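*Asks:* have a look at this prediction, sequence included:
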Amino acid sequence: MSFPSSDHVRPTAILSALLAEQRGLMELLEQPLKVSHAGRDFWQGTLHGHPVVLGLCKIGKVAAATTATALIERFGVQRIVFTGVAGGLGAAVRVGDVVVATDFLQHDLDASPLFARYEVPLYGRTRFAGDPALTALLFSAASRMLAPQPAATGLNGQGAARQFAGARVHQGLIASGDRFVSGAGESRHLRQGLADAGHEALAVEMEGAAVAQVCLDYGVPFAAVRTISDRADDDAHVDFAQFVDEVASHYAHEIIENLLDLLSKK
Ligand code: SAH
């Protein structure tokens, strides 16, 4: 790998699937420099003095894996943090809540009977954990955003969160797969299949487990936070774009600001 020289602080990668999820972060980026690589645009710059690379992976596990690999190989990032949206699967996980992943699983991976359902062949495991220290900081960053602050104004995470009184931060398993889960029956079926194998997922999305696998391969710390945009049911497609624009991008912006602040105090 061609990392920059050791006196250079390796950047933190902030990865999102959709442009709308990244927009709030783009507005904060200082000294932005666009680099096109591997069919994608990456933005290098600083956020509050931290060197960062903003990556847009597009949708799905393969696209996410390619982008994570590019961030590591080409940009020499020291950690990857994913911010985006997801469908709520856990009974208590509502639209406007935030889920921080403790670990990830590919819900559409099934090489049975050669391997147990959901097991990643030849890795000897089903779940890939997020980096514990980075995940703990991300949980604090998300909790700080949703904590009531009487003086909060404007369209920051607090402002956006006001639409969702009682919004909570959850921590647990995220299931990833190459399907937009948008039916109550499909969602029930997914939950049941996972439960039969002893897994209880809080949210479903389409990238996290792929990035986690790449980060395990390279030994790069990874953590992910997802704002719940839908309940993965028959209404999942309704107002999806509007939610991402009006709520999730502001959440992402504020959570990442909090995270960088916490990282600088470590
Ligand atoms: N309507 C969008 C498509 C979004 S696909 C468009 O036209 O661009 C869904 C994206 O949000 C993926 O990146 C996925 O990670 C996440 N996501 C949100 N809700 C989801 C759900 N119910 N099932 C799967 N992925 C979901």
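*Replies:* Great, that's in hand.
*Asks:* give me the secondary structure label for residue 92.
*Replies:* Three-state assignment for residue 92 (DSSP: H, G, I helix; E, B strand; the rest coil): coil.
*Asks:* contact partners of the longest helix along the chain?
*Replies:* Secondary structure of the chain read by DSSP state H shows that its longest helix is helix 249-265. Helix 249-265 has contacts (Cβ atoms under 8 Å, 6 or more residues apart in numbering) with 12, 14, 16, 20-25, 27-28, 47-50, 81, 83-84, 98, 137-138, 140-142, 144-145, 155-161, 225, 227. Where you see a C-beta, it was placed from the backbone N, CA and C, and this is true even at glycine.
*Asks:* filter these down to the ones close to the ligand.
*Replies:* Contacts with the ligand within the contacts of helix 249-265, as defined by Cβ under 6 Å from any ligand atom: residue 84.
*Asks:* pretty sure residue 176 sits against residue 61.
*Replies:* Yes - here residue 176 lies in contact with residue 61, judged by Cβ atoms under 8 Å, at a distance of 6.3 Å.
*Asks:* give me the common contacts of the two.
*Replies:* 106, 206, 207, 209, 210.
*Asks:* what would the residues you listed look like in CSV with neighbour count and secondary structure?
*Replies:* CSV is the format used below for these (neighbours: other Cβ atoms under 10 Å; DSSP: H, G, I helix; E, B strand; the rest coil):
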residue, neighbour count, secondary structure
106, 22, strand
206, 25, coil
207, 31, coil
209, 31, helix
210, 25, helix
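*Asks:* which single one of those residues is nearest to the ligand?
*Replies:* Within the shared contacts of residue 176 and residue 61, proximity to the ligand (Cβ to the nearest ligand atom) peaks at residue 206, which comes in at 3.7 Å.
*Asks:* picking that back up, pick out whichever of residue 176 and residue 61 has more residues nearby.
*Replies:* Taking other Cβ atoms under 10 Å, residue 176 and residue 61 do not tie; residue 176 has more neighbours (30 against 21).
*Asks:* gap between the more buried one and residue 19?
*Replies:* 20 Å (Cβ to Cβ, to the nearest Å).
*Asks:* residue in the stretch 51-200 of the chain nearest to the ligand?
*Replies:* Closest point on the stretch 51-200 of the chain to the ligand, by Cβ to the nearest ligand atom, is residue 87, at 2.6 Å.
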